[in-house]
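S.K.: when you get a sec, could you give me coordinates for this:
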Amino acid sequence: MKPEELRDKTVEELNAAVADLNQEMFNLKFQLHTGHLENTSRIPLVRKEIARIKTVLEEKRS
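M.R.: Numbers count the residues shown, from 1 in each chain. Here you go, the predicted model:
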């Protein structure tokens with residue numbers, strides 16, 4: 001998602017998105033360590049998306 005789209009969402013929606021992405025990151029790392037992960041390029045994308053959302057959340061708190 002683009003930062004402009006994230007800024008239009010509420011804090012609750014952003015927190016829910018971070019929780020979903022954290023769960024996805026856990027699953028991806030689990031698959032990586034068990035040898036079942038097919039698309040390894042997804043891990044950095046999820047990490048960057050979490051960082052984007054957390055940045056917007058910090059902006060909203062200030």
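
S.K.: find the helix or strand that the residue nearest the centre of the chain is a member of.
M.R.: Nearest to the geometric centre of the chain sits Ile50, at 3.1 Å (CA atoms, centre = their mean). Here Ile50, judged by DSSP states H and E, is contained in helix 42-61.

S.K.: give me the residues contacting that helix.
M.R.: 1, 3, 6-7, 11, 14-15, 17-18, 21-22, 24-25, 28-29, 32 (CB atoms under 8 Å, 6 or more residues apart in numbering). (C-beta placed from N, C-alpha, C; glycine too.)

S.K.: buried ones among those?
M.R.: 6, 14, 17, 21, 25, 28 (16 or more other CB atoms under 10 Å).

S.K.: ok, the closest residue to the fourth one other than its chain neighbours to Glu59 distance?
M.R.: Translated: Leu21. In this structure, Leu21 finds its nearest non-sequential neighbour in Ile50, 4.9 Å apart by CB to CB, 6 or more residues apart in numbering. Distance, Ile50 to Glu59, using CB to CB, to the nearest Å: 15 Å.

S.K.: do Glu49 as well
M.R.: In terms of CB to CB, Glu49 sits 16 Å off from Glu59.

S.K.: in the protein, which helix has the most residues?
M.R.: Scanning the chain for the helix with the most residues, using DSSP state H, yields helix 11-34.

S.K.: so which elements touch it?
M.R.: Packing contacts for helix 11-34, counted by 3 or more CB pairs under 8 Å, 6 or more residues apart in numbering; DSSP states H and E, involve helix 42-61.

S.K.: buried ones in the helix it packs on?
M.R.: 43, 46, 49-50, 52-53, 56-57.

S.K.: so how far is that helix off the chain centroid?
M.R.: Mean C-alpha position of helix 42-61 versus that of the full chain (CA atoms, centre = their mean, to the nearest Å) differs by 6 Å.

S.K.: and if you look at stretch 12-23?
M.R.: Offset of stretch 12-23 from its chain centre (CA atoms, centre = their mean): 7 Å.
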